[in-house]
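*Asks:* Turn this into a model:
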Amino acid sequence: AAAVVTFFWQTGAGTGGFGFWNLVGWLPAIALMVLIFLLSSIPSDEMPSLGFWDKFIKKTGHFLGYGLLALAYWHGLGWERKRFGLAFLFTVLYALSDELHQAFVPGRNPSLLDALVIDAGGGMSALLLARWKKR
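*Replies:* Reported below is the predicted structural model:
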């Protein structure tokens with residue numbers, strides 16, 4: 001995350017301009033990455049169990065959270081249609097890094113299913129917005 005922020009800070013890519021104002025455009029993505037990291041750091045024995053609905057609610061949370069992250073990346077990239085794929089790529093890379101991070105959290109382990117749900121959420125959110133913005 002720090003490397004991505006540094007790149008966009010130095011190059012001025014994204015919402016336009018250089019330095020501080022460009023970083024402001026990335027604040028939603030940075031905030032979501034911090035939130036995801038913090039939630040992924042919770043050991044499994046401290047996670048609530050929601051009974052029958054547990055898996056459904058947690059997978060839906062992954063889907064929506066990473067969908068928002070994809071949109072936040074796209075916002076940071078200035079909503080340019082040609083950068084849609086880059087926003088999705090950033091989402092996939094962050095999802096994979098998050099799954100790796102969970103390997104080091106007590107009681108948690110990386111999950112290919114989570115990564116697939118995450119990627120689907122990011123992709124579908126960005127695709128829906130792209131279609132909506134096309135109008």
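*Asks:* Was I right to think residue 77 contacts residue 89?
*Replies:* No - taking contacts as Cβ atoms under 8 Å, residue 77 lies outside contact range of residue 89: 10.7 Å. For every residue, glycine as well, the C-beta is placed using N, CA and C.
*Asks:* neighbours around the closest residue to residue 96 other than its chain neighbours, how many?
*Replies:* Computed as Cβ to Cβ, 6 or more residues apart in numbering, the closest residue to residue 96 that is not its neighbour in sequence is residue 115, at 6.1 Å. Residue 115 has 18 neighbours, counted by other Cβ atoms under 10 Å.
*Asks:* so who does residue 115 touch?
*Replies:* Residue 115 makes contact with 95-96, 99, according to Cβ atoms under 8 Å, 6 or more residues apart in numbering.
*Asks:* how near is it to residue 127?
*Replies:* According to Cβ to Cβ, to the nearest Å, residue 115 stands 18 Å off from residue 127.
*Asks:* again, but for residue 102
*Replies:* 27 Å.
*Asks:* low-scoring stretches of the chain, by residue?
*Replies:* Scanning the chain for pLDDT under 70 picks out the ranges 1-22, 119, 126, 130, 133-135.
*Asks:* What are the neighbouring residues in contact with the residue nearest the centre of it?
*Replies:* Among the residues of the chain, the one closest to the centroid is residue 69, at 3.4 Å (Cα atoms, centre = their mean). Residues near residue 69 by Cβ under 8 Å, 6+ apart: 29, 32-33, 36, 91, 94, 122.
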